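>>> Below: sequence and its predicted model.
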Amino acid sequence: MSREAEIKQKLELLKQQYLANLPEKLSNLHVDWANLLANPNNEEQQTTTLRAFHTLAGSGASFGFPDITTYSRKIENTIKLSLETNQTISETAIKDVESVLELLLGVTLTPVETTEEMPEAPTKATVPIDHHLICLLNISPKRSEEIEQQTLHYGYRCITLTTEQQFSELCIKTIPCAIVYDLNQTTNHIPLTNFHTFLEQPIALIAISSLNNTEHRLNAVRLGARAFFSKPIDYPFFVDTLDKLTHVHPDDPYRILIMDDSLPTAEFYSYTLQSAGMITHVVTDPLTLMEELNHFSPELILMDLYMPQTSGTELAAVIRQQENYVGTPIVFLSSETDLNKQNLAMFQGGDDFLTKPIQAEHLINAVESRTQRYRKLRSFMVRDSLTGLLNHTSTKEWLERELSRVQRNGNSLSYVMLDIDYFKKVNDNYGHATGDLVIKILARLLKQRLRKTDIVGRYGGEEFAVIMPETKPETALQVIDEIRNSFNRIEFPGKAKDLKLSFSAGIASYPQFSAANLLNEAADQALYQAKNNGRNRIQLYDSE
């Protein structure tokens, strides 16, 4: 069963469970109302009754009962207004409530089928895309070899094709992430006209040419090219463009924590967000929220406004007391329709207010836009602006976090400190622009060649740090040494063509070192040994 089908099945099961429990809920509402009439000045009974109608108003339409939402909300608002103005429930309010309550108890327990469908997941190509494969078309053998050698250092593979038939046969098995096409090559020319007919989605097309004029750029645009490079090709910029066009490393799914005392309602929203590819975590007990926050590390908190033991605004205040969650978006999701109360809730710690019931597409869009904005803003605080890697402070925080995790799980961890050799000479001889480019090249190599679970940071200047969980030092040495060899082979065009790059690195590991500061010091000492032993090498920490 596909993930989408599984989520739809769970949503349908929730609706069936809601329907099965509905008669009892409606009966309990009648009892709550009778108890409130018997004890009109009892604040606890007032709270219990209002919460019961409030919860039903928020869930009814979501599960296919819009009349339940309408009637429950009318009763809730009538009781609220009467209590706010008279402290006890007026005779007029009693009549109004009982007339609507009769309608509510008489609701036909057959869900209304809505036309709203769960947003479909994007259509995926039946043939898998190889995010590391580049197809070279209409390229001379010499140029093909050059492109292959230069892109290999960044984790790409090239395949040179000479006929349209070869391309169609390739796309039966796998789809390349990009096509590189030479506009000047006339020998064995391959037309691009029919290439996209083989595909279920477009491929990034990059055009190259010996001429850099408007006419050639127009030709590239008319062929569907999304990038243009004149010869000689600036390969660092070429690969940077390739990365952006092909999205080799897709963004991680958004992490959403849902705080709602009603488990069926929380699960309904949870499965709805999961259908859009998000990771969710449900909490129903407000008093466990802080522990769950630290365990799950959400990027957005979706929270009910009214809950037993506390309110959403009180919980928001508690969350904002924690430095790590000062900027985490809090979105209140409630059937509260009073705009003044909604604005007050946002003033007291919320970032947005969504009114129950809410359509699936609206919920997904609201959560996605908020989380995307948060992720972008947070990246400015935790990431280095030149490379996009974690900055110094964030790298140290991640080391503490990962070290604690592997200690709990009984796994190993390797920590690597890297430093570009003779970097001052690069700046002095070729300028700071080339120096920045060198730093970006190494950052890109590290991101592309390491696992997604590895954490890479720019420690400062030309120095980098890599955290490699579940990795023994010997394995880390092998991986980093392969990256060092690739870095050595990078070639630059123009005035910097004689520039040769290298870096040195030191590696320390857990369990040999059980504290983050000790790991850092040991890796730094190993790096110093590597520099002392001639540079352009990797050194494991040696206490002797």
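Yes, it's here.

>>> my read: I455 touches I467, true?
Yes - in this structure, I455 is within contact of I467 by C-beta atoms under 8 Å, at 4.1 Å. (Glycine included, C-beta is placed from N, CA and C.)

>>> what touches both of these two?
When contacts are counted by C-beta atoms under 8 Å, 6 or more residues apart in numbering, the set common to I455 and I467 consists of 395, 398-399, 402.

>>> Looking at these, which are in helices?
The helices, defined by DSSP state H, take in 395, 398-399, 402 from the shared contacts of I455 and I467.

>>> show me the contacts for V456.
By C-beta under 8 Å, 6+ apart, the contact set of V456 is 389-390, 443, 446-447, 450, 464-467.

>>> Could you measure from it over to N429?
27 Å (C-beta to C-beta, to the nearest Å).

>>> export the shared contacts of I455 and I467 to a markdown table and tack on distance to Y235 and neighbour count?
Shown next, in a markdown table, are the shared contacts of I455 and I467 (distance: C-beta to C-beta, whole Å; neighbours: other C-beta atoms under 10 Å):
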| residue | distance to Y235 | neighbour count |
| --- | --- | --- |
| T395 | 28 | 24 |
| W398 | 31 | 18 |
| L399 | 33 | 21 |
| E402 | 33 | 22 |
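
>>> what would these look like in CSV with distance to V97 and pLDDT?
Shown next, in CSV, are the shared contacts of I455 and I467 (distance: C-beta to C-beta, whole Å; pLDDT from 0 to 100):
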residue, distance to V97, pLDDT
T395, 60, 91
W398, 56, 90
L399, 60, 92
E402, 57, 90
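
>>> now the residues you listed as TSV including distance to T280?
Listed next are the shared contacts of I455 and I467 as TSV, based on distance: C-beta to C-beta, whole Å:
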residue	distance to T280
T395	28
W398	23
L399	28
E402	23
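
>>> which one of the residues you listed is nearest H362?
Closest approach between the shared contacts of I455 and I467 and H362, by C-beta to C-beta: W398, at 34.9 Å.

>>> Wait, the closest one touches I455, no?
Yes - between W398 and I455 a contact is recorded at 4.8 Å, counting by C-beta under 8 Å.

>>> Low-confidence regions, this structure specifically.
The chain contains residues with pLDDT under 70 at 1-3, 87, 108-126, 153, 186-202, 247-251, 493-494, 543-544.

>>> Regarding it, what is its longest helix?
Across the chain, the longest stretch assigned as helix under DSSP H is helix 3-38.

>>> Counting by contacts, list what the following helix or strand past that helix packs against.
Later in the chain than helix 3-38, the nearest helix or strand by DSSP states H and E is helix 43-59. Judged by 3 or more C-beta pairs under 8 Å, 6 or more residues apart in numbering; DSSP states H and E, helix 43-59 is in contact with helix 3-38, helix 66-86, helix 263-274.

>>> looking at it, C171 is touching P128, isn't it?
No - counting by C-beta under 8 Å, C171 does not reach P128; the two are 10.8 Å apart.

>>> Next, find the distance separating the residue in the chain sticking out farthest from the centre from A34.
Going by C-alpha atoms, centre = their mean, the residue of the chain most distant from its centre is E91, 54.0 Å out. According to C-beta to C-beta, E91 stands 16 Å off from A34.

>>> for V326, same thing?
46 Å.

>>> how's this structure carved up into domains?
Recorded structural domains for the chain (assignment: automatic domain parsing) are 18-105, 129-246, 258-380, 392-540.

>>> And those: which comes nearest K10?
Closest to K10 of the domains of the chain is domain 258-380 (C-beta to C-beta; 5.1 Å).

>>> where's I490, which helix or strand?
According to DSSP H and E, I490 maps onto no helix or strand at all.
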